[in-house]
Structures are given as C-alpha cells and as structure tokens.
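S.K.: predicted model follows, preceded by the sequence.
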Amino acid sequence: MIPATILIGGLRYTIEEVEDLHSIDGEKCDGLLNVDTWAIRLEARLPEKAREQVLWHEIIHAMLNQMGRIEQYKDENLIDALAFGVVSVLQSNPNYTHYRDPHLVFNWT
Ligand SMILES: [Zn+2]
C-alpha cells in the first residue's frame with residue numbers, strides 16, 4: 001500500500017498519485033520528487049507494485065539529496081539499481097517487516 005506521507009531523514013514528504021504525470025518540462029514520467037516542497041508524485045495508472053518501485057526510486061533520490069550527494073542524486077541508473085535492490089529485499093523477506101510498524105522501530109530487543 002502506498003502511504004499518503006513518508007518520513008525520509010526526519011522530513012515528512014507527501015505522496016500524491018496523479019494520472020498522466022508529466023515533469024515541469026512536459027516530459028511523461030512515472031514519478032517526480034520535489035525537494036523544495038517535500039513532495040513525491042506517482043503515476044496513478046501504474047500497477048501498485050510498479051508504483052512501489054517508483055516510490056523507492058524517489059525515496060532514494062530524496063535520501064541522496066539530503067546527504068548532499070548531488071552527483072549520485074542525478075545518477076538515474078544507480079538510483080534504479082538501488083530501488084530495485086531495496087524492493088527485492090523487502091519482497092523476498094516478508095517476515096522482516098518490523099520496520100513498517102512505527103511502534104517497533106526503536107525496539108531492538
Ligand atoms: Zn529519477
């Protein structure tokens with residue numbers, strides 16, 4: 001399930017699903033990140049699993065931007081590979097989901 005907001009590095013980003021998503025330049029795209037307004041937009045017509053993959057792509061963009069890793073932030077191939085890796089690990093380990101429960105995040109015992 002795609003959440004309405006997500007915390008990334010302590011900043012709460014809104015997530016909006018939009019049909020027929022285009023960049024500010026008019027280019028068709030599946031996801032967009034606005035680092036100034038902390039907003040992520042996803043193409044609503046994509047299947048949910050694809051939207052999750054695109055969401056992780058945008059999350060990794062946001063993380064790299066927050067870290068000041070601007071060269072890597074612009075590296076779409078690197079970000080695609082990392083997003084694929086994260087989603088693959090999450091899907092391959094369905095029992096390893098305690099991070100999804102906000103009440104258990106800091107309970108390491
Ligand atoms: Zn990208």
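M.R.: Nice, thanks for sending it over.
S.K.: okay, now the unreliable bits of the chain?
M.R.: Residue ranges of the chain with pLDDT under 70: 97-109.
S.K.: all helices for it, in order.
M.R.: With helices called from DSSP state H, the chain shows them at 48-66, 70-73, 76-92.
S.K.: so can I have a markdown table of those helices showing distance to T14 and mean neighbour count?
M.R.: For every residue, glycine as well, the C-beta is placed using N, CA and C. Shown next, in a markdown table, are those (distance: least, CB to CB, whole Å; neighbours: other CB atoms under 10 Å):
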| stretch | distance to T14 | mean neighbour count |
| --- | --- | --- |
| helix 48-66 | 12 | 19 |
| helix 70-73 | 20 | 14 |
| helix 76-92 | 19 | 14 |
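S.K.: indicate which one of these is closest to I24.
M.R.: Among these, the nearest to I24 by CB to CB is helix 48-66 (15.1 Å).
S.K.: what are the C-alpha coordinates of that closest one, in PDB please?
M.R.: Only the C-alpha atoms of helix 48-66 are listed here, as PDB (Å, rounded to 0.1, in the frame of the first residue of the first chain):
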ATOM      1  CA  GLU A  48       0.700  -1.000  -7.400                       C
ATOM      2  CA  LYS A  49       4.000  -3.000  -7.500                       C
ATOM      3  CA  ALA A  50       5.400  -0.600 -10.100                       C
ATOM      4  CA  ARG A  51       4.300   2.400  -8.100                       C
ATOM      5  CA  GLU A  52       6.100   1.000  -5.100                       C
ATOM      6  CA  GLN A  53       9.200   0.600  -7.200                       C
ATOM      7  CA  VAL A  54       8.900   4.200  -8.400                       C
ATOM      8  CA  LEU A  55       8.300   5.400  -4.900                       C
ATOM      9  CA  TRP A  56      11.600   3.800  -3.700                       C
ATOM     10  CA  HIS A  57      13.300   5.400  -6.700                       C
ATOM     11  CA  GLU A  58      12.100   8.800  -5.500                       C
ATOM     12  CA  ILE A  59      12.900   8.000  -1.800                       C
ATOM     13  CA  ILE A  60      16.500   7.200  -2.800                       C
ATOM     14  CA  HIS A  61      16.700  10.500  -4.800                       C
ATOM     15  CA  ALA A  62      15.500  12.300  -1.600                       C
ATOM     16  CA  MET A  63      18.000  10.500   0.600                       C
ATOM     17  CA  LEU A  64      20.900  11.300  -1.700                       C
ATOM     18  CA  ASN A  65      19.800  14.900  -1.900                       C
ATOM     19  CA  GLN A  66      19.600  15.200   1.900                       C
END
